[in-house]
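K.L.:
Model the structure of this input:
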Amino acid sequence: MCLAIPGQIKKIEGHKATVKYPGEERFALVGDEKLKKGDPLIYEPDLKELLEKNLSAKRIQFSLEYKNAVAESDIVFITVGTPTKENGEADLKNVYEVSKMIAKNLKKPFTVICCKSTVPVGTNKKITEIIKNNKSENVDFAVASCPEFLREGTAIFDSFNPDRIVIGSDSKKAKNYLTELHKPIKGKRILTNLASAELIKYASNLMLATKISFANFISFLAEKSGADAEIILDSVGLDKRIGKSFLNPGIGYGGSCLPKDVNALIDITKKLKLDTGFLKSISAINIQARDMFAEKILSKIKPNQTIAIWGLSFKPNTDDIRESPALYIISKLLKNNITIKVYDPAAMNKVKSVFKNKIIYSNDKYKILKGSYALCIFTEWGEFKKADLNKIKTFLKKPIIFDGRNIYSLDKIDKYGFEYYGVGRNIL
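P.N.:
A predicted model of the protein is given here:
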């Protein structure tokens, strides 16, 4: 079975995958050549090794041409981005453009066009219309929705060990094709219609965003009342109906999915003439979490003083800085004339393109502590959890830690005598 995947790498062991990388022409050309040489373009654990392995085995190819990639394929996956417009609506321009190009290059008697991009309800019906209006008369097709649930930082593991595989289509033939394709991969099969598959992805991300905002709301209550949010949320998570996952107070969620999908759901809900209050509160709490932490820092650090920041990506094990709370807080600190030195294991180059020479960069997490009045932790990288607290205290001008992810135990902090500010914790 041959696959064409316009947009990005998606690999299923044992099948040939041909990739068309759309986008701005100059970047696409550079990306195409790098991918052919085994450079995955992004930081993701184990991705480079997997790409090199499958290039060597000739199981994956890259092309900038639709013609052969689509014409030879039984299944074509659409995996382009759906960024947020200024009004919160999902921008589907790339999805529709790719659909038109796929339609013009269909040659087989029957092809499944499967959308993996996160799209609002009704998008796949629009894709169907576009393909009908642009294909040759002698070819047939069916549209399906097969959303992905990959977590950045563990995407390779998630690809081969999914909790579920959702296949949505109004075509039984398309469902059969996709069921056969996914046979080598475990995970519960959810076979449904297009609308349900489109909403499953949004519903999943909404639940994750809700749990994070819930945890942060409890942290607000804890700080005001003298309680400990960590103990409260650990206790809540022991209820099997709720579970511990994502019940961690912090500086808010980020990345390419949760903020975008919550905003898109607000827009979808408006169009369906339903009340948006629940969704808006989730987003508002997320913004409030990063605002409150920025204010916590500003209450202790004076203008023209220097601080060190560990962690810039929105989560560990990725270089993704999209909607990262760290960037938002840094911007606010800069407006208050705070001098900032930063370190991140993977995201430094991307942050340089944002802040340029407005902040100081270093490849040594301890070096940036020297001359700094405090250490701020914005991403829970493993190396930060294992850091030498004695070194931190020795190098800092003042022994102050602002821990935006609560990565250190209070016993440990107390042992070294830090002035410590976490999220929802009261120890001072």
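K.L.:
Residue 144: which element?
P.N.:
Element membership for residue 144 (DSSP states H and E) is strand 140-145.
K.L.:
Buried residues, the helix or strand following that strand. List them.
P.N.:
Downstream of strand 140-145, the next assigned helix or strand under DSSP H and E is helix 155-160. If you call a residue buried by 16 or more other CB atoms under 10 Å, then helix 155-160 has these buried ones: 155-156, 158-159. Where C-beta positions appear, they are placed from N, C-alpha and C, glycine not excepted.
K.L.:
from these, which two are the most distant?
P.N.:
156 and 158 (7.3 Å; CB to CB).
K.L.:
what ranges do the strands span in the chain?
P.N.:
Taking DSSP state E as the test, the strands found in the chain are 2-6, 16-20, 60-63, 75-78, 110-115, 140-145, 164-169, 188-192, 306-310, 339-343, 360-361, 374-377, 400-403, 419-421.
K.L.:
still on that earlier bit, mind listing the strands the strand holding residue 144 pairs with, and their directions?
P.N.:
Partner strands and pairing direction for strand 140-145 (DSSP bridges) are strand 110-115 (parallel), strand 164-169 (antiparallel).
K.L.:
As CSV, those strands with mean neighbour count would be great.
P.N.:
As requested, the strands paired with strand 140-145 are arranged in CSV below (neighbours: other CB atoms under 10 Å):
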stretch, mean neighbour count
strand 110-115, 24
strand 164-169, 22
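K.L.:
could you dump the ones you listed to TSV with mean pLDDT and distance to residue 90?
P.N.:
TSV is the format used below for the strands paired with strand 140-145 (pLDDT from 0 to 100; distance: least, CB to CB, whole Å):
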stretch	mean pLDDT	distance to residue 90
strand 110-115	97	12
strand 164-169	97	17
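K.L.:
From residue 145, how far out is the closest residue to residue 168 other than its chain neighbours?
P.N.:
Sequence neighbours aside, residue 197 is the residue nearest to residue 168 in space, at 2.4 Å (criterion: CB to CB, 6 or more residues apart in numbering). Remark: distance between residue 197 and residue 145 (CB to CB, to the nearest Å) = 4 Å.
K.L.:
With residue 87 instead?
P.N.:
Separation of residue 87 from residue 145 (CB to CB) stands at 24 Å.
K.L.:
just residue 402 next, same as before
P.N.:
For residue 402, the distance to residue 145 equals 43 Å [CB to CB].
K.L.:
okay, the two: which has more neighbours?
P.N.:
Each of residue 402 and residue 145 has its neighbours counted (other CB atoms under 10 Å); residue 145 has more, 30 against 24.
K.L.:
how about that one, what does it touch?
P.N.:
Contact partners of residue 145, counting by CB atoms under 8 Å, 6 or more residues apart in numbering, are 114-115, 119, 124, 166-169, 194, 197-198.
K.L.:
Then residue 153?
P.N.:
Residue 153 touches 44-45, 315-318, counting by CB under 8 Å, 6+ apart.
K.L.:
one more time with 6 Å, if that's ok
P.N.:
317-318 (CB atoms under 6 Å, 6 or more residues apart in numbering).
K.L.:
of the buried residues of helix 155-160, closest to residue 360?
P.N.:
Using CB to CB, the buried residues of helix 155-160 come closest to residue 360 at residue 155, 31.5 Å.
K.L.:
Would you mind measuring from the closest residue to that closest one other than its chain neighbours to residue 302?
P.N.:
Nearest in space to residue 155, with sequence neighbours left out and distances taken as CB to CB, 6+ apart, is residue 44 at 5.4 Å. Distance, residue 44 to residue 302, using CB to CB: 40 Å.
K.L.:
more crowded one of these two?
P.N.:
The neighbour comparison of residue 44 against residue 302 (other CB under 10 Å) goes to residue 44, with 22 against 10.
K.L.:
Run the angle between the strand holding residue 144 and strand 188-192 for me.
P.N.:
Following axes from the mean of the first three to the mean of the last three CA atoms, to 10 degrees, one obtains 120 degrees for the angle between strand 140-145 and strand 188-192.
K.L.:
Low-confidence bits of the stretch 51-200 of the chain, can you list those?
P.N.:
Nowhere does the stretch 51-200 of the chain drop to pLDDT under 70.
K.L.:
now stretch 377-391, how far from the chain's geometric center?
P.N.:
Computed by CA atoms, centre = their mean, to the nearest Å, the chain-centroid distance of stretch 377-391 equals 22 Å.
K.L.:
residues shared between the contacts of residue 197 and residue 145?
P.N.:
With CB under 6 Å, 6+ apart, residue 197 and residue 145 have common neighbours residue 168.
K.L.:
Walk me through the domains of this protein.
P.N.:
2-192, 208-421 (automatic domain parsing).
K.L.:
Export those to CSV and append columns for distance to residue 202.
P.N.:
What follows is those, written out as CSV (distance: least, CB to CB, whole Å):
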stretch, distance to residue 202
domain 2-192, 7
domain 208-421, 5
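K.L.:
what about stretch 236-254, start to end distance?
P.N.:
End-to-end distance for stretch 236-254: 24 Å, by CA to CA, to the nearest Å.
K.L.:
make that stretch 78-89, sorry
P.N.:
Using CA to CA, the end-to-end distance of stretch 78-89 comes to 19 Å.
K.L.:
What is the neighbour count of residue 39?
P.N.:
For residue 39, using other CB under 10 Å, the count is 14.
K.L.:
Quick check: the two most widely separated of the contacts of residue 145?
P.N.:
Pairwise over the contacts of residue 145, using CB to CB, the maximum falls at 119 and 167, 15.5 Å.
K.L.:
contacting residues for residue 126?
P.N.:
Applying CB under 6 Å, 6+ apart, no residues contact residue 126.
K.L.:
For it, give its distance to residue 382.
P.N.:
Distance from residue 126 to residue 382, by CB to CB: 43 Å.
K.L.:
Likewise for residue 177?
P.N.:
Taking CB to CB, one finds residue 177 at 41 Å from residue 382.
K.L.:
One more: residue 322?
P.N.:
From residue 322 to residue 382 the distance is 21 Å (CB to CB).
K.L.:
quick one, which of those two is more surrounded?
P.N.:
Using other CB under 10 Å, the more surrounded residue of residue 322 and residue 382 is residue 322, with 17 against 11.
K.L.:
how close does the closest residue to the more buried one other than its chain neighbours sit to residue 42?
P.N.:
Nearest residue to residue 322, sequence neighbours excluded (CB to CB, 6+ apart): residue 256, at 4.8 Å. Distance of residue 256 to residue 42, computed by CB to CB: 11 Å.
K.L.:
cool, residue 170 as well?
P.N.:
With CB to CB as the criterion, residue 170 and residue 42 are 34 Å apart.
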